[in-house]
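>>> pasting the sequence and the predicted coordinates here, then a few questions.
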Amino acid sequence: MTAERATDNPQVSEEGLQDSMDTLQDSMESRQHLLGSVAAQGVSKVFLPNSTSKVTALEDINLHISPGSFTTLIGPSGCGKSTLLRLVAGLIHPTQGVVQVNGKPADQARKDRDYGMAFQTASLFDWRTVRKNIELPLELMGWRRGARQQRAAEMLELVQLPEFADSYPSELSGGMQQRVAIARALAFKPTLLLMDEPFGALDEMTREHMQAELLHIWEETNTTIIFITHSIPEAVFLSTNVCVMTPRPGRISTQIEIDLGKRTDDTREREDFFASIVKVREALRSQEST
Amino acid sequence: MTSPDMNPADVSIMQTPGQQSPNGFKSAAAKAVSKAASPWLLPLIFGVGGLLIWEFGLWATNPERFLLPRPSEIISVLSEDDRGVDNTIFESIFEASRTTGFIILSSLVVGVILGVAAALITTRFRATNEVITPLAVAMNATPIVALAPIFNNWLGLTSPRSNQAVVVLIVFFPVFINTARGLNTVDPNQIELMQSLASKPWTIIRRVRIPSALPFFFTALKLVSSLCVVAAIVAEYFGGSQSSLGSKIITYAGFTQYDAAWAAVLAGSIIGIVLYALASVAERLAMPWAHRSWNSP
Ligand SMILES: Nc1ncnc2c1ncn2[C@@H]1O[C@H](COP(=O)(O)OP(=O)(O)O)[C@@H](O)[C@H]1O
Ligand SMILES: [Mg+2]
């Protein structure tokens, strides 16, 4: 992909080459500020459109996510959160509208490997050691062995599991596995991280610990994060933006900005933390009654 | 079961300095082999115990020899002359085991390759599933061993080809169905993860589906490693080489040499046990992660 774009058309003249180099330069500059951005415009998604059991999962979604932000999608189960995330990932295509990631179509961003992904189940590969799991995206990208090993070691430091490099996933606890999955998603330093209820299966204590760790990683790596959750406190604690979704068909009913500054353990006990929770809860409630 | 630390096979490797391999892979392989041996310890004890009960039970009750010979009688008949050939019975049975063993092994290899290939093709190209799977199911519903006389007609009465055809067909189905199921029993998130990294379908098959299918494949392999011995010997009852275990069993039984017939049957079960053991060792070597809990890190 990259090679194709970089070599451009080999038949252009010197002058033309210079020109196209300039436009390439321009487009790269104009894209620079879009790195880590996500935009959905008038997006709807209908599953099985020609059957009697057709499902309108999403309708008229408009969403703008700026680089470096932390956005959570919250809403009742079945309202289309995972569908929206998979549209952003370019894994499925919208029935209507466009999704852009890093200023290009979502499918192109997928082919360019612009984002990392993590799910509710860690979904590690049982047959690979922890280190090899983290190296997988790098292998697919053709990294050399030495570089892979070095990056895997770095990522293991980041998620605080360096001593488990040579263990198999089955030897790790659920929380540790989830940390490895996050390390895998971040291994190639993508500008965007997509997470579908990654802490949903963890107990409360581990969950809070993981939340703090994720925020730490977010600050350190400057990655844009889109995060799905069922938990209102989790959404408020983590994000700069909460998108509240309504079911059938799925829409974004409210977007709430959260401004709690740097999060610490004390944040969870602060007045404005509770105030934000109330705001999100009311937004979720109000759609129920309508 | 015995704890890994007390495993005699392990101890013998660790206490003989000459056997310590400098090569990491080899010592890992030796470890895996010894791990594979430990589940055999208990069956071995029971096997020896069973033989002793067989021997002394019959010695005490003393029934007619042709109903059931004692193990010692089966062993002693091995050194007798084989009727009509210039061999001892041991040499005849050994020769027959080689013939039958070759038929089994060659058909096992072909059947496994065909089964795995069919599983890969139906997984990669969904459309082929609608052709291959019903065909395979129909084939499996056919009593394949009953086809042996027909294969003899097609491929020659004394040719081992017809025996091989029976065994290949017997092996194919369990390998195909199990492997196909394994290739398709994959965590959907793992597939999406690979797609999110722009992987092509074959890359996903190679890196996700095949490793996920290994436990299913080895279950089938262990199953057919015993099944194929039965299939080969029964097929040999109907034709094929004159020097095969099946043909020997028929001949000995026909001349009321029941202890020799028993010796030939036992030769068949030894082949089956060896194949099963090889499949188990291969399984452990191919899936070290599945047995990691045995040697705590
Ligand atoms: N591949 C699919 N085919 C048909 N319907 C689907 C598919 N994926 C999701 N849906 C439907 O779309 C709706 C939204 O699903 P989803 O995005 O998984 O919800 P959420 O993640 O918010 O729980 C549900 O009604 C679900 O049944
Ligand atoms: Mg979901």
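Good, I have the coordinates. Ligands and ions are numbered 1, 2, ... in the order given.

>>> just for the stretch 1-150 of chain A, where's the confidence low?
Counting by pLDDT under 70, the stretch 1-150 of chain A contains low-confidence ranges at A:1-32.

>>> what ranges do the helices span in it?
A:2-7, A:14-32, A:81-88, A:106-111, A:130-140, A:145-158 (DSSP state H, counting those that start in this stretch).

>>> likewise for the stretch 51-200 of chain B?
Using DSSP H, counting those that start in this stretch, helices in the stretch 51-200 of chain B cover B:71-77, B:89-124, B:126-141, B:148-155, B:160-184, B:188-196.

>>> deepest-packed of the ones you listed, please.
helix B:160-184 (a mean of 23; mean count of other CB atoms under 10 Å in any protein chain shown). Bear in mind the C-beta positions are built from the backbone N, C-alpha and C, glycine included.

>>> check which helices and strands that one sits against.
Packing partners of helix B:160-184 (3 or more CB pairs under 8 Å, 6 or more residues apart in numbering or on different chains; DSSP states H and E): helix B:89-124, helix B:126-141, helix B:148-155, helix B:210-238.

>>> ok, and what's touching stretch A:87-104?
Residues from elsewhere that reach stretch A:87-104 (CB atoms under 8 Å, 6 or more residues apart in numbering or on different chains): A:30-31, A:34-46, A:49, A:58, A:60-61, A:83, A:86, A:105-112, A:114-115, A:117, A:191-192, A:194, A:226, B:192, B:195-196.

>>> got it, and stretch B:224-231?
Residues from elsewhere that reach stretch B:224-231 (CB under 8 Å, 6+ apart): B:104, B:107-108, B:111-112, B:144-145, B:166-167, B:170-171, B:174-175, B:268-269, B:271-272, B:275-276, B:278-279.

>>> and stretch A:73-91, anywhere near ligand 1?
Yes. Residues of stretch A:73-91 are located near ligand 1 by CB under 6 Å from any ligand atom, namely A:77-83.

>>> list the buried ones in that stretch?
A:73-75, A:79-91 (16 or more other CB atoms under 10 Å in any protein chain shown).

>>> equivalent analysis for stretch B:228-245, please.
Result for stretch B:228-245 [16+ other CB under 10 Å]: buried residues B:228-229, B:231-241, B:243-245.

>>> and those, which is closest to residue B:137?
Of all the buried residues of stretch B:228-245, residue B:137 sits closest to residue B:231, with 18.5 Å by CB to CB.

>>> what distance do you get for that closest one to residue A:42?
For residue B:231, the distance to residue A:42 (CB to CB, to the nearest Å) stands at 63 Å.

>>> residue A:98 too?
8 Å.

>>> for residue B:287, same thing?
Residue B:287 sits 49 Å away from residue A:42, going by CB to CB.

>>> what ranges does the stretch 151-290 of chain A have for its strands?
With strands called from DSSP state E, counting those that start in this stretch, the stretch 151-290 of chain A shows them at A:192-196, A:224-229, A:241-246, A:251-257.

>>> residues of chain A that sit close to ligand 1?
Checking chain A against ligand 1 by CB under 6 Å from any ligand atom, the hits are A:47-48, A:55, A:57, A:77-83.

>>> take those residues and write them to JSON lines, including distance to chain B.
JSON lines is the format used below for these (distance: CB to the nearest CB, whole Å):
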{"residue": "A:47", "distance to chain B": "15"}
{"residue": "A:48", "distance to chain B": "18"}
{"residue": "A:55", "distance to chain B": "18"}
{"residue": "A:57", "distance to chain B": "16"}
{"residue": "A:77", "distance to chain B": "17"}
{"residue": "A:78", "distance to chain B": "17"}
{"residue": "A:79", "distance to chain B": "20"}
{"residue": "A:80", "distance to chain B": "16"}
{"residue": "A:81", "distance to chain B": "15"}
{"residue": "A:82", "distance to chain B": "10"}
{"residue": "A:83", "distance to chain B": "13"}
